[in-house]
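**Student:** mind folding the following:
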Amino acid sequence: MLVRTQKGRTAFRLFSLLLLLAAVTGFCTIPLFPSLVIRDTLSHKLMWSSKIADDTTFGIRWTHSIHRSLIEEQYRIQGGQIILAEMSFHDYGIGMENELSPGEELVISDGAFRIRHMNRVFPALHLFIGQVRANHTLLFAGSEIPLSSIDKPGSAITIQAEKRSILSKIGGY
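**Tutor:** Below is the predicted model of the structure:
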């Protein structure tokens, strides 16, 4: 009788351990942490990531290929969407905004054009990292991060807000 009770306890302990491991693994795969991520568009490989909160802001700055002046776009994250909030540029010409959406305002000050009160929603931003003079730069949390340091020039990247799990943060995917 004693042998049968010992086997029952061992089986119960083994079952409990497996159940605990399954629960911990399941918890580690739940996407809980909002993050701004940059992925290589072709391979979907994670190239850069940072934890964010709702209403986090970031910018992208680059040199326009034709009139060779700086352009800066300011974005905010809201509800997992990327919202273009403001754009500034020094020269008005080919490839620049030519119409304002309702509620937007064009302000000219200190020799620069600024479109304010923009509310253009994107699920993700898709761009090619400039190879010659664009010098695309991510402006995030007080840092200036050249996108050429994240992926090679000419690469297609996707910038988006996504929730990441503990396991994806550890594993880098």
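**Student:** I'd guessed F113 sits against L100; true?
**Tutor:** No: contact criterion Cβ atoms under 8 Å: F113 and L100 do not qualify, at 11.3 Å. Every residue, glycine included, has its C-beta placed from N, CA and C.
**Student:** any shared contact partners between those two?
**Tutor:** The contact sets of F113 and L100 overlap at L106 (Cβ atoms under 8 Å, 6 or more residues apart in numbering).
**Student:** between those two, tell me which one has more neighbours.
**Tutor:** Applying other Cβ atoms under 10 Å to F113 and L100 shows that F113 carries more neighbours, namely 17 against 13.
**Student:** what strand or helix carries that one?
**Tutor:** Assigned by DSSP states H and E, F113 belongs to strand 112-116.
**Student:** which outside residues touch stretch 106-116?
**Tutor:** 86-90, 92, 96-97, 100, 104-105.
**Student:** so L17: helix, strand or coil?
**Tutor:** Three-state assignment for L17 (DSSP: H, G, I helix; E, B strand; the rest coil): helix.
**Student:** assign G130 to helix, strand or coil.
**Tutor:** Going by three-state DSSP: G130 is coil.
**Student:** where in the protein is pLDDT low?
**Tutor:** Confidence mapping of the chain against pLDDT under 70 gives the ranges 1-5, 23, 25-31, 93-97, 167-173.
**Student:** among the contacts of stretch 106-116, which are in strands?
**Tutor:** With DSSP state E as the criterion, strands contain 86-89, 105 from among these.
**Student:** can you list the residues you listed in CSV and add distance to I66?
**Tutor:** Shown next, in CSV, are the ones in strands among the contacts of stretch 106-116 (distance: Cβ to Cβ, whole Å):
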residue, distance to I66
E86, 22
M87, 17
S88, 17
F89, 12
E105, 25
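**Student:** give the buried subset of those as a PyMOL selection command.
**Tutor:** Selecting the buried subset of those in PyMOL, with 16 or more other Cβ atoms under 10 Å as the burial test, is done by:
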select buried, resi 86+87+88+89
